[in-house]
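A.B. asks: show me how the following folds:
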Amino acid sequence: MSTDAIVLLKQDHKEIRRLFREFQQAGEDATARKAKLVDDIIEILTVHTYIENEVMYPRVRELLPDLEDDVLESYEEHHVADLLVVELAGMNPSAERFDAKTTVLIESVTHHIEEEEQDWFPKVRDGLGRKVLQEIGAEMQEARTKAPRRPSQPSALKKTVDAVLS
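C.D. replies: Residues are numbered from 1 along each chain as shown. Reported below is the predicted structural model:
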């Protein structure tokens, strides 16, 4: 299995997209199925954003200072997704806004994934090269074992993001 950081993140993206498609195809009367899918989405997004925020973004920020603005934008996109994830985690799947909130999460994360894969990943690959990306990937795999599986509360999340950015 490759430890290339970008390959690992793209594998997550593929799984995230699969879960999104399943949610969108579940139908209006599939509350239990949607609840399980959203629970799976929450877990994978929580782990994924953790390894990006804790490993990938700080390392890219350090090694490729020209990508600072891209990294900051990614942190903010994660922040928005994290807030939606926290709200969904505490929401009853039969609530009137559950599907709508999940749809907004899907749209936001899909936009983020497309930007990363089409714009940011090529810049990072060109700037860092294979060896460094493999080192970062190994760090990400280690971080994945320690990553939370459920979202933290918004105040704790904000403190984490603020600490990373300061």
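
A.B. asks: most centrally placed residue in this structure?
C.D. replies: Nearest to the geometric centre of the chain sits residue 49, at 3.7 Å (C-alpha atoms, centre = their mean).

A.B. asks: what's stretch 39-58 in contact with?
C.D. replies: 5, 9, 12, 15-16, 19-20, 23, 71, 74-75, 78, 81-82, 85, 88-89, 102, 105, 109, 136, 139-140, 143-144, 147-151, 160-161, 164 (C-beta atoms under 8 Å, 6 or more residues apart in numbering). Every residue, glycine included, has its C-beta placed from N, CA and C.

A.B. asks: buried ones in it?
C.D. replies: Using 16 or more other C-beta atoms under 10 Å as the test for burial, stretch 39-58 gives 40-58.

A.B. asks: could you do stretch 113-130 as well?
C.D. replies: Neighbour-count burial for stretch 113-130 [16+ other C-beta under 10 Å]: 113, 116, 120-121, 124, 128.

A.B. asks: what's the answer for stretch 143-150, then?
C.D. replies: 143-144, 147.

A.B. asks: between these, which is closest to residue 96?
C.D. replies: Checking the buried residues of stretch 143-150 against residue 96 by C-beta to C-beta gives residue 147 as the nearest, at 31.8 Å.
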